[in-house]
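Q: no sequence for this one, just the structure:
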Ligand code: FAD
């Protein structure tokens, strides 16, 4: 790829950040530290995940509502179909709208027990496309949905996965955010297939800066993302060198973002795991610089 050097990157890409709702006061402090560090980069939005089976319903709500109340960053709430009726889920959505939250990341969610086939609640939404259609009846939310450059494990084949994404966009979603991946080529192929299927909505790559390969492999196994062998080689022997591991992690992710940028990507969504420094370093390499407070509202608008 004829990719620009980091020195040539203009900082013209949008960024967004994903957090998870904190469980303890200490974790809450870490999360707010991360938000304070990343806010000056004027993210397009930040999003807060919804624990498996709806286990974080209150915590997700409290976190998103606090971001909406105390910062000028547009906040998005993740919402899944798991373990609740349609009515209950739409009530949660209504509460978000009343709290000033205008953006939902609409997901099906995973079975409560890992490895079991997914079964929807008897009175619930069947899948994410169904949920998107339901949300449209509540309020004119901005809606993001999930996409899988390396296929969702439940999909029959690549085409079924693209058809499913198209169903979500046709139901009213505005953008897709991808599962993490480590092959820019896989992302580009997926983007081409989506375009060929008539999907015009923005497809935003989800970037996971990895500094712990073993932990990432465990998670990747569950969600169908591949960890390439070169990743193991890069982190080999670094267990006792946490600072070096962070530097390698930033380098690997920034290089991937640089190649995605060269391929036309202008919005990157970072899985922060509530840690700001790696995402901040990568954004810096992409040319992002702090935006003065007065100018941030214009960027968000
Ligand atoms: P869907 O788009 O509904 O579909 C998933 C798969 O099922 C697709 O392969 C599709 O082809 C198949 N399928 C759907 N409907 C049918 C049907 N009627 N018949 C046959 N096959 C069908 N999980 C959480 O619990 N909380 C979160 O906060 C969260 N955030 C996420 C954020 C992002 C950006 C991403 C990429 C994933 C996130 N997930 C989260 C994980 C997500 O819930 C799982 O990947 C889940 O297994 C699928 O959700 P989905 O919305 O993609 O499902």
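A: Yep, that arrived. Predicted, not measured: the structure shown is a model, and the values here were computed from it.

Q: give me the neighbour count for the residue nearest to residue 120 when sequence neighbours are not counted.
A: With sequence-adjacent residues excluded and distances taken as C-beta to C-beta, 6 or more residues apart in numbering, residue 120 is closest to residue 126, at 5.0 Å. C-beta here means a position set from N, CA and C on the backbone, and glycine is covered the same way. The number of residues packed near residue 126 is 13, by other C-beta atoms under 10 Å.

Q: go on, residue 107?
A: 21.

Q: whatever helix or strand residue 185 lives in: which residues count as buried?
A: If you go by DSSP states H and E, residue 185 is part of helix 184-196. Of all the residues in helix 184-196, those buried under the rule 16 or more other C-beta atoms under 10 Å are 184, 186, 187, 188, 190, 191, 193, 194.

Q: what average pLDDT does the lengthiest helix in the chain get?
A: The longest helix of the chain (DSSP state H) is helix 242-262. Over the span of helix 242-262, the pLDDT mean works out to 95.

Q: following that helix, which helix or strand shows up next?
A: Heading C-terminal from helix 242-262, the first helix or strand you meet, by DSSP H and E, is strand 267-271.

Q: count the neighbours of the nearest residue to residue 224 once chain neighbours are set aside for me.
A: Once flanking residues are discounted, residue 224 sits nearest to residue 153: 4.4 Å by C-beta to C-beta, 6+ apart. By the measure other C-beta under 10 Å, the count of residues near residue 153 is 12.

Q: my read: residue 130 touches residue 89, true?
A: No - taking contacts as C-beta atoms under 8 Å, residue 130 lies outside contact range of residue 89: 10.2 Å.

Q: counting neighbours around each, name which of those two comes out higher.
A: When neighbours are counted by other C-beta under 10 Å, residue 130 and residue 89 differ, and residue 89 comes out ahead with 25 against 19.

Q: got the buried residues for the helix or strand containing the more buried one?
A: Assigned by DSSP H and E, residue 89 falls within helix 86-98. Residues 86, 89, 90, 92, 93, 96 are the ones in helix 86-98 that count as buried (16+ other C-beta under 10 Å).

Q: ok, those residues vs residue 135, which is closest?
A: residue 93 (5.6 Å; C-beta to C-beta).

Q: relative to residue 50, how far out is that closest one?
A: Distance of residue 93 to residue 50, given as C-beta to C-beta, to the nearest Å: 12 Å.

Q: overlap of the contact sets of the two?
A: Residues touching both residue 93 and residue 50 (C-beta atoms under 8 Å, 6 or more residues apart in numbering) are residue 79.

Q: average pLDDT across the helix holding residue 89?
A: Here helix 86-98 scores 97 as its mean pLDDT.

Q: that one packs against which elements?
A: Applying 3 or more C-beta pairs under 8 Å, 6 or more residues apart in numbering; DSSP states H and E, we find helix 86-98 packed against helix 57-70, strand 75-80, helix 128-138.
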